[in-house]
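[1] I would like the atomic coordinates for the input below:
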Amino acid sequence: MIKDQLKQITASLGTNTTLVAVSKTHPIERIMEAYEAGQRDFGENKVQDLVDKYEALPKDIRWHMIGHLQSNKVKYIAPFVHLIHGVDSFKLLQEINKHGQKNGRRISCLLQFHIAQEETKFGLSLEEATAFLSSPEYQTFNHVQLCGVMGMATFTENKTQIRSEFQSLHAIFHALKSTHFSAATEFKEISMGMSDDYSIAIEEGSTLIRVGSKIFGRR
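    The predicted model follows:
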């Protein structure tokens, strides 16, 4: 089933979108099924689970931290994480830079924006992001690499609303690309779309979709 689901989703991606298989709450055996079917990008939303699975599974897996990340837990994933999707504060970016320096690497990150009509979702406004990207301190950050943006649409059946929210994230990406990252070739990712709305996200320019239940089934 996992192999078939991966094949079906991958066939719908096109050339510009990468599938991140959201393996949170799923055991190692099921992740290995996906791995053996060729999947290499996996996402976890809890630091301890990410660390445990990194240690137990093949080292060519690219691990994505897709959940809300607390500053005091950055140190545990800094040595190996492939991409942190949810940078939602300057304080968190400072901490990632600090631990990137300690580990002798540049840690790739996405800026998370609040695009949903739900207060429970985390994320920056464009004004907040612009303020810290313009700050002198940010210019000294040599151990983080901002690669794009991330956002989560409202949990709703209203596809018009979901599409509008994805379009707003796409607009934020282009605003930042033109003002702060025009020369940065690595600034190219738009992480949006999950199991229920990834097809809309792809139509609206997503380069990273985060899909769990459509691959592994519901827990």
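[2] Let me know the secondary structure of the spatially most central residue of the chain.
    In the chain, the C-alpha nearest the mean C-alpha coordinate belongs to residue 85, at 3.0 Å (CA atoms, centre = their mean). Under DSSP: H, G, I helix; E, B strand; the rest coil, residue 85 falls in the strand class.
[3] Find the nearest non-adjacent residue to residue 51, please.
    residue 76 (5.3 Å; CB to CB, 6 or more residues apart in numbering). In short, each C-beta sits where N, CA and C put it, glycine included.
[4] Do I have it right that the one you found meets residue 47?
    Yes: using CB atoms under 8 Å, residue 76 is in contact with residue 47, at 5.3 Å.
[5] When those two are compared, which one has more neighbours?
    Neighbours were counted for residue 76 and for residue 47 using other CB atoms under 10 Å; residue 47 has more, 19 against 15.
[6] check contacts around the more buried one.
    Each residue near residue 47 by CB atoms under 8 Å, 6 or more residues apart in numbering is listed here: 65, 69-70, 73, 76-77.
[7] Please identify, among these, the one with the most neighbours.
    Within those, residue 69 tops the neighbour count with 27 neighbours, counted by other CB under 10 Å.
[8] re the thing from before, please look at the residue nearest to the centre of the chain and residue 110 and confirm they touch.
    Yes: look at residue 85 against residue 110 with CB under 8 Å: they come within range, at 5.0 Å.
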